[in-house]
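Visitor: Need coordinates for the following:
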Amino acid sequence: MRTSPGLAALVVVPAVLLAGCGPTGPTVEQWTDSMCAAVLPFVRTAVDAPAGTEDPAQRLRALSDYLGRTTQAADGALGDLDRLGPAPVDDGEALSARLQGGLGEIRSAFSGARSRVDALDAADPAAVQRDLPAALEPLARLGGTTGPLEEVTGNPAIAAAFRASPVCTDLTRSAEQARSAPPPGAAEPAPNGSIGEGGGS
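Guide: Modelled structure (predicted):
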């Protein structure tokens, strides 16, 4: 299997998501750990993209399945982030809104690409070869955007908690893999990934 930009399907709420949710809410460290636990399954799904194949029908089926799984994983991550609530820092609601908004845009890109892929005619190999890059163009556009994790970890307290969290370290590794990987079904290197490595600067 090849990997893709963009920063993998989420079927259960991570237990850590409930940590620290007492009357005073989670600490910055607990919130950051839970945030990474929510996003990590999506990134892992996005990384697990199909390699290219010579058979147009098989190629389109594999891409459609991948794009559908990734869209569902993004939905799961967005639901978990919504349940997690705002970050316990100054302007935490705005930071959380930017994180969810950025992930929502990425989710829309995967969903839109799937709709375009599903509209291609597998019985016309020449058309598939010609039109597939345009069908996947929503994903290519993500390479030029600032990742939502980079937005959130611009906060010094979250950045410090991010660097200290093992699950956030796993998320960073997966995001780095996505940044350096070829796009779905292609052999060429992809542009920089869209999720962002996080960790602050």
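
Visitor: any idea of the mean pLDDT for stretch 171-183?
Guide: Stretch 171-183 carries an average pLDDT of 73.

Visitor: Also stretch 131-138?
Guide: Stretch 131-138 carries an average pLDDT of 90.

Visitor: Can you give the distance of that stretch from its chain's centre?
Guide: 19 Å (C-alpha atoms, centre = their mean, to the nearest Å).

Visitor: residues near the nearest residue to Q177 once chain neighbours are set aside, how many?
Guide: Nearest non-adjacent residue to Q177, counting by C-beta to C-beta, 6 or more residues apart in numbering: V47, 5.4 Å away. C-beta here means a position set from N, CA and C on the backbone, and glycine is covered the same way. Residues near V47, counting by other C-beta atoms under 10 Å, number 25.

Visitor: How about A94?
Guide: Counted with other C-beta under 10 Å, A94 comes out at 12.

Visitor: where does it fall, phi/psi-wise?
Guide: With angles defined as degrees, to the nearest 10, A94 sits at phi -70, psi -40.

Visitor: how close does it get to G25?
Guide: 17 Å (C-beta to C-beta, to the nearest Å).

Visitor: Could you do L95 as well?
Guide: 15 Å.

Visitor: so the residue nearest to Q177 touches R173, yeah?
Guide: No. In this structure, V47 is not within contact of R173 by C-beta atoms under 8 Å, at 10.0 Å.

Visitor: Strands of the protein, start to end?
Guide: For the chain, no strands are identified by DSSP state E.

Visitor: For it, which segments count as helices?
Guide: With helices called from DSSP state H, the chain shows them at 28-47, 56-84, 92-118, 125-135, 137-142, 148-152, 156-164, 166-179.

Visitor: So, low pLDDT: which residues of the chain?
Guide: 1-23, 143-146, 178-201 (pLDDT under 70).

Visitor: Deepest in the core, which of the helices of the chain is it.
Guide: Most buried of the helices of the chain by mean neighbour count (mean count of other C-beta atoms under 10 Å) is helix 28-47; its value is a mean of 25.

Visitor: Let me see the contact set for the residue lying closest to A57 once chain neighbours are set aside.
Guide: Leaving aside its chain neighbours, A57 sits nearest to A122 (3.8 Å; criterion: C-beta to C-beta, 6+ apart). By C-beta atoms under 8 Å, 6 or more residues apart in numbering, the contact set of A122 is 56-57, 60-61, 128.

Visitor: Now do A122 against V128, distance only.
Guide: Taking C-beta to C-beta, one finds A122 at 7 Å from V128.

Visitor: and for the two, which residues touch both?
Guide: Each of 56, 60 lies in contact with both A122 and V128 under the rule C-beta under 8 Å, 6+ apart.

Visitor: What sits closest to N155 if chain neighbours are left out?
Guide: V89 (5.4 Å).

Visitor: Same question for D65.
Guide: P50 (7.8 Å).

Visitor: same question, S111
Guide: T71 (4.7 Å).

Visitor: Might one say that that neighbour is in contact with R114?
Guide: Yes. Counting by C-beta under 8 Å, T71 touches R114, with 6.4 Å between them.
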